[in-house]
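Chemist: Sequence and computational prediction follow.
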Amino acid sequence: MVAAVDDSCLAGQRNRARRDSHGAGARGKIPAHEGTPLMSISEQTLANAIRALSMDAVQGANSGHPGMPMGMADVATVLFRDYLKFDAAAPHWADRDRFVLSAGHGSMLIYALLHLTGYARPTIEDIRNFRQLHSPCAGHPENFELPGVECTTGPLGQGLAMAVGMAMAERHLNAVFGDALVDHKTWVVAGDGCLMEGINHEAIGLAGHLKLGRLNVLWDDNRITIDGDVSMSSSEDIKARYAATGWHVAECDGHDFADIRRALTQAAADPRPSLVACRTIIGKGAPNKQGGHNVHGSPLGAEEIAAARAELGWDHAPFEIPADVKGEWEAAGKRGASARAEWEARLSTSAQKSEFERRMAGQLPAGDEGMNAYIDGLLANPQKVATRKASEMALEAITPLIPEMVGGSADLTGSNNTKTKATTPFGPSDYSGRYVYYGIREFGMAAAMNGMALHGGIIPYGGTFLVFSDYCRNAIRMSALQRQRVVYVLTHDSIGLGEDGPTHQPIEHIMSMRMIPNLEVFRPCDVVETAECWALALKNESTPSVLALTRQNLPQLRTSGGMLSAKGGYRLRAATAAARKVVIVATGSEVEIAVKTAEALEAQGIGADVISMPSWSRFLAQPEEYRNDILPHDVLRVSIEAGTTFGWEMITGIAGLRFGIDTFGASAPIEALYDHFGLTAEKIAPQIVAALDN
């Protein structure tokens with residue numbers, strides 16, 4: 001660790017920024033720190049281009065965060081010109097360094113850098129339309145809007161946690177394909193908020209334990225939050241916390257180009273993950289607002305922008321970048337072209353070329369023969385097992401066939417049943433392993449899986465109890481927002497877990513998962529549906545999936561194949577005793593109850609269909625004709641699910657019956673709980689008969 005940066009020096013910088021850098025009475029430029037000898041434009045001028053675009057874009061939108069990009073402009077200039085391995089002409093180059101702007105509120109930093117270094121977009125017009133409808137320059141960076149934005153950030157801490165997953169993916173693929181094809185770093189810009197969030201503790205603990213030495217975090221140590229000085233809310237020694245988790249820690253003056261370069265060189269060389277504390281001034285260059293919290297999340301205002309232009313010596317019109325400045329930046333964007341060309345030459349002659357390209361493209365191995373054979377075996381030899389066990393059985397069949405699947409669990413491996421014979425442990429002694437022991441880090445696990453999926457070449461899946469999805473809900477939401485194929489194995493999905501009681505029994509969780517856009521929630525009823533749901537989840541290239549699975553054993557209800565779960569809902573049992581009067585819709589463990597209820601009704605001469613609906617979203621996406629056939633309007637519709645009844649009106653209609661649980665659970669054996677909450681055929685059938693009589 002180097003000596004701490006003297007805060008008095010930074011205080012002096014604040015004062016000098018208000019005076020002429022040459023000692024004259026008129027305002028002048030911030031003192032420049034000269035860069036490489038061949039550079040025709042000073043590094044200070046290049047950094048000031050970032051500052052100008054940032055303050056102009058935020059002012060134009062009358063919304064945004066100018067302080068962080070202005071404060072970190074000098075650090076970003078050194079990083080992108082001298083350290084980051086990338087080629088602006090090939091933003092999807094597989095062996096590029098990954099750059100993550102974890103402090104996503106400062107989005108103009110990445111937009112300015114992408115534009116200046118020569119990416120096709122954002123154009124200057126895109127930047128003019130910052131934060132406007134349909135502009136790729138959204139308020140927070142979105143991975144699906146612009147190449148070069150590696151992940152969607154904004155929820156503080158998650159960008160850094162996703163970067164941990166990217167670094168894990170790099171090490172795994174390096175172990176599989178070698179240095180010739182995979183050999184890159186992950187760089188992160190994070191703010192004070194990212195380091196305060198609870199997920200930061202989970203993420204850095206995991207990274208330190210896994211010795212992810214290719215991960216470098218540049219901390220924008222400006223000591224300002226929205227409310228004011230960091231000292232108002234925090235007094236912890238962040239550098240000591242990182243060191244305690246096995247990180248290398250360095251410091252630098254974030255406005256001294258030579259010192260920045262020294263610290264980044266240290267970080268790049270150290271075998272441990274690195275934190276570089278970059279002591280900066282928020283809003284650097286805005287003479288009357290820099291260093292204070294008011295510059296964090298508000299436009300500078302026309303008067304302050306004019307003063308900043310004078311302070312920076314930037315006498316160009318808004319959104320105008322001089323040709324020589326743009327040319328110097330574009331040269332930085334081309335710096336990695338030769339490295340990319342050499343890499344492409346190595347790839348072209350590699351015996352692993354086809355497999356590498358297949359994985360990075362996200363394409364599954366050809367053919368479904370393995371899964372089809374597995375399901376055929378189940379149909380020939382029915383199994384009564386918990387769906388968590390059924391998931392393990394499916395994974396045993398799948399993971400040898402799909403080597404890019406990397407599993408894990410948040411310290412519940414034996415309960416989630418997520419480990420298979422093909423998935424050996426991933427860690428510093430063997431990065432080729434395909435199973436991650438995440439520890440009790442649900443949120444960190446989910447964010448790391450997002451990072452692995454975003455990196456490419458890996459299909460991550462991980463397990464915890466369904467009730468603990470609350471710990472990682474925002475990361476699950478981010479999986480959906482970022483359109484990533486991540487599979488969440490969420491077991492112990494109802495009161496069926498029994499004696500552990502209401503703290504562990506999900507009630508609202510399944511329905512709340514269904515509410516997240518672009519998240520497919522599967523709740524299979526038996527071993528066959530579980531296998532089908534796994535197959536469907538793996539084919540969801542741009543949609544994450546939840547598999548909600550039981551602790552208790554369930555009978556195999558499916559006696560035929562045909563991938564019926566692909567419809568989302570289907571007729572498992574058709575009415576036989578008489579004309580159909582009732583359609584009972586159920587999911588998961590309650591499909592068995594629905595079958596028994598239908599049998600009781602049929603014994604009374606009441607025709608009843610049973611519909612298994614493992615995926616609501618998939619069923620609702622079917623053609624209207626199919627949905628009307630499965631759920632006709634001239635019958636009584638009934639739902640059974642051991643969770644909240646809220647939302648089931650969409651399936652049953654207002655006039656239908658909905659059986660579920662709208663209170664917390666209780667601690668008792670499974671059979672007693674189902675009876676107590678009225679979820680038995682003996683208690684449901686009479687209520688259906690009464691409704692029909694009325």
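Modeler: Cool, got the structure. Since the structure is predicted, the reported quantities are computational estimates derived from the model, not experimental observations. Numbers count the residues shown, from 1 in each chain.
Chemist: How much space separates residue 411 from residue 389?
Modeler: 19 Å (Cβ to Cβ, to the nearest Å). For glycine as for every other residue, the C-beta is placed from the backbone atoms N, C-alpha and C.
Chemist: center of the protein - which residue?
Modeler: residue 450 (3.6 Å; Cα atoms, centre = their mean).
Chemist: Quick check: closest non-adjacent residue to residue 659.
Modeler: residue 640 (4.7 Å; Cβ to Cβ, 6 or more residues apart in numbering).
Chemist: who touches that neighbour in this structure?
Modeler: Residues in contact with residue 640 (Cβ atoms under 8 Å, 6 or more residues apart in numbering) are 584-586, 590, 593-594, 597, 659-660, 679, 684.
Chemist: can we see that at 7 Å?
Modeler: Neighbouring residues of residue 640 by Cβ atoms under 7 Å, 6 or more residues apart in numbering: 584, 586, 590, 593-594, 659, 679, 684.
Chemist: again with residue 80
Modeler: 113, 117, 332.
Chemist: and it, that one's in a helix?
Modeler: Yes - Residue 80 forms part of a helix when assessed by DSSP: H, G, I helix; E, B strand; the rest coil.
Chemist: Return the per-residue confidence for it.
Modeler: Residue 80 carries a pLDDT value of 98.
Chemist: Over to residue 367?
Modeler: pLDDT recorded at residue 367 is 82.
Chemist: Mind checking what secondary structure it has?
Modeler: What three-state DSSP gives for residue 367 is coil.
Chemist: Please apply the same query to residue 658.
Modeler: Residue 658 ends up strand, using three-state DSSP.
Chemist: Leaving out the residues flanking it, which one is nearest to it?
Modeler: Distances taken as Cβ to Cβ, 6+ apart place residue 645 nearest to residue 658, at 4.1 Å, with adjacent residues excluded.
Chemist: same check, this time on residue 193
Modeler: residue 156 (4.1 Å).
Chemist: likewise residue 94?
Modeler: Residue 94 sits nearest to residue 360 (Cβ to Cβ, 6+ apart), 5.1 Å away.
Chemist: How about the contacts made by that neighbour?
Modeler: Per Cβ under 7 Å, 6+ apart, neighbours of residue 360: 94, 456-457.
Chemist: And it, how far from residue 485?
Modeler: 13 Å.
Chemist: ok so, going back, next one: the residue nearest to residue 94 from residue 315, what distance?
Modeler: From residue 360 to residue 315 the distance is 46 Å (Cβ to Cβ).
Chemist: Spell out, range by range, the strands that occur in the stretch 51-200 of the chain.
Modeler: 98-101, 186-191 (DSSP state E, counting those that start in this stretch).
Chemist: Going by neighbour count, which residues in the first one are buried?
Modeler: Applying a neighbour-count criterion of 16 or more other Cβ atoms under 10 Å, the buried positions in strand 98-101 are 98-101.
Chemist: Now do that strand: distance to the chain's middle.
Modeler: Relative to its chain's centre, strand 98-101 lies at 14 Å (Cα atoms, centre = their mean, to the nearest Å).
Chemist: which strands and helices sit next to it?
Modeler: Applying 3 or more Cβ pairs under 7 Å, 6 or more residues apart in numbering; DSSP states H and E, we find strand 98-101 packed against helix 158-177, strand 186-191.
Chemist: Now these in TSV, please, with extra columns for mean pLDDT.
Modeler: Putting those into TSV (pLDDT from 0 to 100) gives the following:
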stretch	mean pLDDT
helix 158-177	98
strand 186-191	98
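Chemist: residues touching residue 309, list them.
Modeler: By Cβ under 7 Å, 6+ apart, residue 309 lies in contact with residue 315.
Chemist: if you set the cut-off to 8 Å instead, what comes out?
Modeler: 52, 315.
Chemist: which SSE is it in?
Modeler: Element membership for residue 309 (DSSP states H and E) is helix 302-312.
Chemist: One more: residue 379?
Modeler: Residue-wise, residue 379 maps onto helix 369-380 under DSSP H and E.
Chemist: So what touches that helix?
Modeler: Contacts of helix 369-380 (Cβ under 8 Å, 6+ apart): 393-394, 397-398, 401, 527-528, 531-532, 534-535, 556, 558-561.
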